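In: Fold the following for me, if possible:
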Amino acid sequence: MTMHDDITDVPGVRIGHSTDRAALTGCTVILTEGGAVAAVDVRGAAPGTRETALLAPGRTVDRVHAVLLTGGSAFGLAAADGVMGWLRERGVGFPTAAGAVPIVPAAVLYDLALGEPAHPDATAGRAACDAALTAPAGPLPQGNVGAGTGATIGKLRGPAGAIKSGLGSASARVSLGALGRFTVGAVVAANAVGDVRDPATGAIVGGMRAPGGGWLDSFASLRDGSPAPGNPDPAALPDLTGTSTTLAVIATDAPLDGSSASRLAQNAHDAFARTIWPCHTPFDGDTIFALSTVPGSLDPRALTALSVAAEATLTRAVLRAVERATGAGGLPAAAEWLRDGGTAAGTARR
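Out: Coordinates of the predicted model:
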């Protein structure tokens, strides 16, 4: 099997985007039509979600058939109706006396301040499913697509100081001893108040723009009360309520039950903590879903190894979400800002 280094490498997972380049919004659907064990972990204080309570361990419904990541803030949850309808027409869902009921958890990010006033709806959800079904073999489109179409980061000074980010994905193979080798993949729409750093170097790869080029340091501004020239005074910050949220899905073919999937989603937030400074703020609704296409269980050692691989994979996906974005809505992407500011030639693809 050809590996593309994205979440489509996980057997049983398909992914599609619906992208509105005029409104600068969109949605991304991760299809698991055969059913997947699922869990979710929400760390941000301003989430927007649907069908997440049923993902707690011990609930009656223990499989999901898709996960939707969408822009449009709470309005974008309407796109899940389209995903449900698309799946029901194909007989996919939780069996009931009245027919299949597709289980489609969803989470939203805020992108309403960029582009025209519109949001993903049921038609967009259907379009994302169609795209997943008909996607050609090859690497997953990343950057300004799907749920990442209107994503931005570095918003501590408000939208005027932000940069354009987007959607990123990565995958890895992991050995779990006698159980064999498995695939873990991640997809993320990076839409944070904070900056994004490369944990290998500590350098900011995208975030709050400094006048004339380069970056201000959001984390240092908050920690030290704005000691650096140009950094905003935390006491005079604009109202950032509900302006952000980074969304991710971890998928694997390693065998998991609900409790193990929950632990995987929890541990994956370490990738956000390593790359997004700060993350999990009162202004973000940071949410990570974990999916396994193979029901089962892992011993603690194997689950730890899988979690480490998932964290590393999601870390790369977050960096790609910044590096593969292009400017839109009057905001530059990181490579464009650095190039135009005269401080660097651009950012390498990971």
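
In: buried sites along stretch 165-179?
Out: 165, 166, 167, 168, 169, 170, 171, 172, 174, 176 (16 or more other CB atoms under 10 Å). C-beta coordinates here come from the backbone N, C-alpha and C atoms, glycine included.

In: What helix or strand is the nearest residue to residue 314 once chain neighbours are set aside located in?
Out: Residue nearest to residue 314 in three dimensions, not counting chain neighbours: residue 271, with 3.7 Å by CB to CB, 6 or more residues apart in numbering. Per DSSP states H and E, residue 271 falls inside helix 258-275.

In: Of the buried residues of stretch 165-179, which is the nearest to residue 203?
Out: Relative to residue 203, the closest of the buried residues of stretch 165-179 is residue 165; by CB to CB it sits at 16.1 Å.

In: What's the separation between the closest one and residue 6?
Out: 17 Å (CB to CB, to the nearest Å).

In: With residue 185 instead?
Out: Where residue 6 is concerned, residue 185 sits at a distance of 6 Å (CB to CB).

In: which one of those two has more residues nearby?
Out: More crowded of residue 185 and residue 6, by other CB atoms under 10 Å: residue 185, with 29 against 23.

In: Tell me the buried residues in the longest helix along the chain?
Out: If you go by DSSP state H, the chain has its longest helix at helix 300-323. For helix 300-323, a neighbour-count test (16+ other CB under 10 Å) marks 302-303, 305-307, 309-323 as buried.

In: what do you get for stretch 115-122?
Out: Applying 16+ other CB under 10 Å to stretch 115-122 flags 115, 118, 119, 120, 121, 122 as buried.

In: Repeat that for stretch 131-150.
Out: Buried-residue list, stretch 131-150, by 16+ other CB under 10 Å: 131-132, 140-150.

In: what's the spacing between it and its chain's center?
Out: 13 Å (CA atoms, centre = their mean, to the nearest Å).

In: May I have the beta-bridge partners of residue 183?
Out: Here residue 183 sits in beta bridges with residue 173, going by DSSP bridges.

In: Can you give me the neighbour number for it?
Out: Other residues close to residue 183 by other CB under 10 Å number 22.

In: Please apply the same query to the one 10 residues further on.
Out: Residue 193 has 30 neighbours, counted by other CB under 10 Å.

In: Poorly predicted segments of the protein, please.
Out: In the predicted model, the chain carries pLDDT under 70 at residues 1, 226-232, 234-235, 341-350.

In: Break down it into its helices, ranges please.
Out: Listed in chain order, the helices of the chain (DSSP H) span 79-88, 122-134, 218-224, 258-275, 300-323, 334-341.

In: a markdown table please, covering the ones you listed and showing distance to residue 37.
Out: Shown next, in a markdown table, are the helices of the chain (distance: least, CB to CB, whole Å):
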| stretch | distance to residue 37 |
| --- | --- |
| helix 79-88 | 17 |
| helix 122-134 | 20 |
| helix 218-224 | 35 |
| helix 258-275 | 5 |
| helix 300-323 | 13 |
| helix 334-341 | 36 |
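
In: so which of these gets nearest residue 30?
Out: Short answer: helix 122-134, nearest of the helices of the chain by CB to CB, at 8.1 Å.

In: Could you give the separation of that closest one from the chain centroid?
Out: For helix 122-134, the distance to the chain centre is 18 Å (CA atoms, centre = their mean).

In: Who are the contact partners of the closest residue to residue 169 other than its chain neighbours?
Out: Excluding the flanking residues, the one nearest residue 169 by CB to CB, 6+ apart is residue 6, at 3.8 Å. When contacts are counted by CB atoms under 8 Å, 6 or more residues apart in numbering, residue 6 is found next to 139, 140, 142, 169, 170, 171, 185, 187.

In: thinking again about what came up before, could you give the angle of the longest helix of the chain to helix 334-341?
Out: 40 degrees (axes from the mean of the first three to the mean of the last three CA atoms, to 10 degrees).

In: Run the angle between helix 300-323 and helix 258-275 for me.
Out: 40 degrees.

In: re the thing from before, could you say what helices and strands the helix holding residue 271 packs with?
Out: In terms of contacts (3 or more CB pairs under 8 Å, 6 or more residues apart in numbering; DSSP states H and E), helix 258-275 is packed against strand 25-42, strand 195-197, strand 247-252, strand 287-292, helix 300-323.

In: what comes up buried for stretch 265-278?
Out: 265-278.

In: should've said stretch 241-260
Out: Per 16+ other CB under 10 Å, stretch 241-260 contains these buried residues: 242-258, 260.

In: ok, back up a step: what about the buried residues of stretch 165-179, which are in strands?
Out: 167, 168, 169, 170, 171, 172, 174 (DSSP state E).

In: Can you convert the residues you listed into TSV and add a column each for distance to residue 110?
Out: Below are those laid out as TSV (distance: CB to CB, whole Å):
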residue	distance to residue 110
167	15
168	18
169	21
170	24
171	28
172	30
174	33
